[in-house]
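J.: pasting a predicted model and its sequence here:
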Amino acid sequence: VQLQASGGGLVQAGGSLRLSCTASGRTYGMGWFRQAPGKEREFVAAINWSGSETYYGDSVKGRFTMSRDNAKNLVYLQMNSLKPEDTAVYYCAAGGYLYTIPDKYDFWGQGTQVTVSS
């Protein structure tokens with residue numbers, strides 16, 4: 001399975017972005033992670049195969065929403081009320097089941113940069 005994340009960019013604090021992740025094949029659980037310079041990769045959100053269950057990291061809960069469209073092999077991360085501390089490279093990952101640990105995922109996209117200015 002190959003994954004490709006897109007939708008990153010530069011946005012002002014309080015703004016919104018929607019990230020997309022395209023999968024080349026069937027995926028099961030999906031997750032979004034982010035990594036800022038000098039920091040460890042951080043769990044952002046996860047979704048199960050049907051989209052009926054989602055789980056969010058504490059730092060994004062209430063601001064970010066993860067969803068999926070299995071007919072299009074797409075997963076989304078809607079990010080609202082963005083803060084400068086959300087600045088990072090965002091990665092989509094496949095293979096887990098609402099896992100928060102990166103090692104539980106089998107496939108990774110290349111990442112997309114999100115920069116939030118104050």
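T.: Looks like it arrived, so ask away. Keep in mind it's a predicted model, so treat the numbers as computed, not measured. Residues are numbered from 1 along each chain as shown.
J.: in this structure, which spans are strands?
T.: Here the chain has its strands, by DSSP state E, at 3-6, 9-12, 17-23, 30-35, 42-47, 54-56, 64-69, 74-79, 88-94, 107-108, 112-117.
J.: and of the ones you listed, who's closest to T100?
T.: When these are compared by C-beta to C-beta, strand 42-47 sits nearest T100, at 4.1 Å. For the C-beta atoms, the positions are set from N, CA and C on the backbone; glycine is no exception.
J.: what is the orientation angle of that closest one with strand 17-23?
T.: Angle of strand 42-47 versus strand 17-23, following axes from the mean of the first three to the mean of the last three C-alpha atoms, to 10 degrees, is 70 degrees.
J.: residue ranges with poor pLDDT in the protein?
T.: The model of the chain has no residue with pLDDT under 70.
J.: with adjacent residues omitted, what lies nearest to the residue nearest the centre of it?
T.: Nearest to the geometric centre of the chain sits W32, at 2.7 Å (C-alpha atoms, centre = their mean). Here the nearest residue to W32 in space, its sequence neighbours aside, is V44; by C-beta to C-beta, 6 or more residues apart in numbering that works out to 4.2 Å.
J.: quick check: that neighbour touching G57?
T.: Yes - with contact defined as C-beta atoms under 8 Å, V44 reaches G57; the gap is 5.3 Å.
J.: neighbour-wise, which of the two wins?
T.: More neighbours surround V44 than the other of V44 and G57, with 24 against 16 (other C-beta atoms under 10 Å).
J.: list the contacts of that one.
T.: By C-beta atoms under 8 Å, 6 or more residues apart in numbering, the contact set of V44 is 31-34, 56-57, 60, 64, 77, 90.
J.: if we go to 6 Å?
T.: Counting by C-beta atoms under 6 Å, 6 or more residues apart in numbering, V44 touches 32-34, 57, 60.
J.: same check, this time on R41
T.: 33, 35, 102.
J.: as a markdown table, the residues you listed with neighbour count and distance to V1 would be great.
T.: Putting these into a markdown table (neighbours: other C-beta atoms under 10 Å; distance: C-beta to C-beta, whole Å) gives the following:
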| residue | neighbour count | distance to V1 |
| --- | --- | --- |
| F33 | 25 | 16 |
| Q35 | 15 | 21 |
| P102 | 17 | 16 |
